[in-house]
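Visitor: here's a sequence, model it:
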Amino acid sequence: MNPMCQNFWILPAIMLMFVASCAILPEDQPYIIPTDPVVTGRMDDMMEFYESVRKQPPAEITRIYDKVKQNFVQNKSDSNRARLVLLLILPQTSFRDITSATYLLNEWPRDSKSATNLQSFRNLLASLLAEQQRLTHNVEELSQKLKDEQKRAETLQNQIDAIKNMEKNLILREL
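Guide: Numbering: from 1, shown residues only. Here you go, the predicted structure:
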């Protein structure tokens, strides 16, 4: 048998294997996703806080932000700091401030008393915000370069148009 015919029979065999494997799974048993150990403590609280705030109307989010900011000024605990950072990075809000959020993350005390998962969360947010700031800076640079190139293209087009007009005038004078 030539190699092309062998390859031709492999595809149907693979398809038959997939169909057969699907038929083996019982339909009445739901697929259970294996879970990792449950993280308990302040990290869960932060995620629940974020989820609840995210679903609020803008006026309520602003009210929550004012309250959280006031709480942080009075008590600079890790939880208050994390809540404030989560609010500062919330998209489409009037108080969104990535620079302040990054500052709060960088100034977060690195002591051994803090929960490890909250410190890991801080590290994750700090690196993500730093990358976001870097990308924003790159976008601003590219935007400025695009504007400069558009001006340059416009200037060149004007020069081309001026040369064309001069040529037309020369041709008209010769006639």
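
Visitor: which residue lies nearest the spatial centre of this structure?
Guide: Gln132 (7.3 Å; Cα atoms, centre = their mean).

Visitor: what is the mean pLDDT for the strand or helix carrying Lys164?
Guide: Here Lys164 is covered by helix 116-174, with elements defined by DSSP states H and E. Model confidence over helix 116-174, given as mean pLDDT, is 90.

Visitor: roughly how far is that helix from the heart of the chain?
Guide: Remark: helix 116-174 is offset 22 Å from the chain centroid, using Cα atoms, centre = their mean, to the nearest Å.

Visitor: now do stretch 91-106
Guide: 14 Å.

Visitor: quick one: end-to-end distance for it.
Guide: 20 Å (Cα to Cα, to the nearest Å).

Visitor: for it, buried residues please.
Guide: Ala101, Thr102, Leu104, Leu105 (16 or more other Cβ atoms under 10 Å). In short, each C-beta sits where N, CA and C put it, glycine included.

Visitor: output the residues you listed as CSV; include the columns secondary structure.
Guide: Below are the buried residues of stretch 91-106 laid out as CSV (DSSP: H, G, I helix; E, B strand; the rest coil):
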residue, secondary structure
Ala101, helix
Thr102, helix
Leu104, helix
Leu105, helix
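
Visitor: farthest-apart pair in these, please.
Guide: Comparing every pair within the buried residues of stretch 91-106 by Cβ to Cβ identifies Thr102 and Leu104 as the most remote, at 7.4 Å.
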